[in-house]
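> Provided below are the primary sequence and the corresponding predicted coordinates.
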Amino acid sequence: MRVLITGAAGFIGSTLASHLMARGDHVIGIDNLNDYYDVSLKEARLDRLRREGGGLFTFHRLDFSDMAALEAALAGENFDRIVHLGAQAGVRYSIENPHAYVQANLVGHLNMLEIARHRGVEHMVYASSSSVYGGNTKLPFSVEDRVDHPLSLYAATKKADELMSETYAHLYRLPLTGLRFFTVYGPWGRPDMMMWIFTKAILAGEAIPVFNNGDMYRDFTFVDDIVAGVIACLDTPPADDGRPKAGGSATPHALYNIGNHRSEHLIKVIAILEQECGRKAEMEMLPMQPGDVQKTFADIDAIQRDLGYQPTTPIEVGVPAFVNWYKGYHGL
C-alpha cells in the first residue's frame with residue numbers, strides 16, 4: 001500500500017511512517033518543517049525515516065495549506081490512502097497566534113479533502129483532538145457527546161475539520177475517519193508538551209510549571225499504542241452502507257476517541273519522572289491556564305468494538321521509555 005502522510009516530520013506522523021514501512025508500505029511524507037518548535041528535531045526524525053525506509057520513503061517539504069504547491073508536488077505521486085496528521089498544534093499557542101490555526105487547520109484540511117476527493121483515495125484518516133470536548137464535565141468523554149463549546153481556537157478548528165469531513169463524506173461518499181487524540185507521549189515527542197518540558201526542567205534542576213495547583217488529570221497514551229490504533233483505522237475504511245457509524249454519521253465517516261481509557265493524576269506522573277530522572281522536582285504551583293481543561297478521559301468503547309484497539313502501555317512503562325530516549329537523544 002502507498003500511504004500519504006501529512007505532518008510526517010512530526011511526533012505521531014514520523015512514528016506512524018516508521019511502523020508502516022516496517023510492514024512494507026511505501027510512505028510519501030509531507031511537512032513544512034515550520035519553527036513552532038526546534039526544526040532540528042523534525043530533521044532528525046526525517047533522517048531516521050530515510051535510514052529505516054530507504055526506497056520506501058519519499059518526502060516533500062511543503063505547506064499543505066498552499067493548494068498550488070500541494071498539487072504540484074503530488075502530480076507525479078500515486079497513493080492509495082491518506083493519513084492527515086499535519087496541523088498547527090497546541091492549545092495555548094492558539095491564543096497567541098490565531099491566524100496560523102485558521103490557515104493550517106481549516107484551509108489545510110480543506111485542501112487535503114479536495115486531494116482525497118479528486119484522487120479517489122480509498123480512505124483518509126485525519127487528526128481531530130480531545131480538545132473538542134471543551135468544558136464537558138461528563139466523564140469519560142464519548143464520541144456520542146455534544147461538542148459545541150470549545151474552550152480554545154485550536155479546539156474550534158478541530159471541530160470544524162470534523163464538520164467539513166462530514167460534508168465531504170455526504171457529498172462525495174469519501175471514506176473518512178476522524179481520530180480524537182488524547183495526550184500522546186513517548187520517544188521522539190514534542191518539546192512543547194508536558195512530558196518533555198518536565199523532564200528537561202527536572203534534569204536541569206529547574207522549576208516545573210504545575211497548573212491548577214497540580215489538580216490536573218490526563219489520559220496519557222503511549223505513542224506506539226496510538227499508532228497501532230491509527231493503522232487499524234487506516235486498514236478499515238468505514239462502509240458506505242447507510243448504517244450509523246461511531247460518532248453518529250450515516251455517511252462513510254467515523255469518529256473515534258483514541259486514548260488509554262485511564263485518567264492519570266498529574267502528580268503521579270511527576271513522581272515517576274522524579275524517579276527516572278534521579279532527582280526531586282521543584283514545582284511552581286500555578287492557576288489554570290486560559291483554554292485548558294482540568295481533566296481528560298477517553299471512552300474508547302467504539303474503537304475497541306469496531307477495530308479491536310487495545311492500548312497496552314501503562315505510564316509506569318511509557319514514562320521511563322520516554323526519559324530513557326530523552327537522555328539518549330541529548331547525550332545525557
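Cool, got the structure.
> tell me where this protein has helices.
With DSSP state H as the criterion, the chain has helices at 11-22, 39-53, 67-74, 93-96, 98-101, 108-119, 153-172, 194-204, 223-234, 266-277, 301-307, 315-329.
> mean pLDDT lowest for which of these?
Here the lowest mean pLDDT among the helices of the chain goes to helix 93-96, at a mean of 76.
> on that earlier part again, which one of the helices of the chain lies closest to residue 143?
With Cβ to Cβ as the measure, helix 301-307 is the member of the helices of the chain nearest residue 143 (5.6 Å). For every residue, glycine as well, the C-beta is placed using N, CA and C.
> and the contacts of that closest one?
142-143, 229, 232-233, 236, 246-247, 254, 256-258, 309-310 (Cβ atoms under 8 Å, 6 or more residues apart in numbering).
> of all the helices of the chain, which lies closest to residue 212?
helix 266-277 (8.4 Å).
> buried residues in that closest one?
Buried residues in helix 266-277, counted by 16 or more other Cβ atoms under 10 Å: 266, 269-270, 272-273, 276-277.
> ok, so of those residues, who is nearest residue 323?
Using Cβ to Cβ, residue 276 comes nearest to residue 323 of the buried residues of helix 266-277, at 4.0 Å.
> grab the nearest non-local neighbour of that closest one.
Nearest in space to residue 276, with sequence neighbours left out and distances taken as Cβ to Cβ, 6 or more residues apart in numbering, is residue 323 at 4.0 Å.
> how deep is residue 44 tucked in, by neighbour count?
The number of residues packed around residue 44, counting by other Cβ atoms under 10 Å, is 15.
> same check on residue 317?
Other residues near residue 317 come to 11 when the count uses other Cβ under 10 Å.
> so who does it touch?
If you count contacts by Cβ under 8 Å, 6+ apart, residue 317 has them with residue 222.
> next one: residue 209
Each residue near residue 209 by Cβ under 8 Å, 6+ apart is listed here: 197, 284, 286.
> which residues touch the second one?
Just to be clear, that refers to residue 284. Contacts were defined as Cβ under 8 Å, 6+ apart; by that measure residue 284 touches 207-210.
> among those, name the buried ones.
Among these, those classed as buried by neighbour count (16+ other Cβ under 10 Å) are 208, 210.
> make CSV from the contacts of residue 284 and add pLDDT and distance to residue 17 to it.
Below are the contacts of residue 284 laid out as CSV (pLDDT from 0 to 100; distance: Cβ to Cβ, whole Å):
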residue, pLDDT, distance to residue 17
207, 94, 36
208, 92, 31
209, 90, 32
210, 89, 34
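> pick out the most distant pair among the contacts of residue 284.
207 and 210 (9.0 Å).
> and residue 267, how far is that from residue 273?
Noted for residue 267: a distance of 11 Å to residue 273, by Cβ to Cβ, to the nearest Å.
> I'd say residue 2 and residue 21 touch.
No. With contacts defined as Cβ atoms under 8 Å, residue 2 does not count as touching residue 21, sitting 11.3 Å away.
> which residues are in contact with each of those two?
In the contact map built from Cβ under 8 Å, 6+ apart, the residues linked to both residue 2 and residue 21 are residue 27.
> who has more neighbours, these two?
The residue with the greater number of neighbours, taking residue 2 and residue 21 and applying other Cβ under 10 Å, is residue 21; the counts read 19 against 15.
> run through the residues that contact the more buried one.
27, 49, 52-53, 56-57.
> beta partners for residue 218?
For residue 218, the beta-bridge partners are residue 264 (DSSP bridges).
> quick one: contacts for residue 14?
Contacts were defined as Cβ under 8 Å, 6+ apart; by that measure residue 14 touches 8, 45-46, 48-49, 188.
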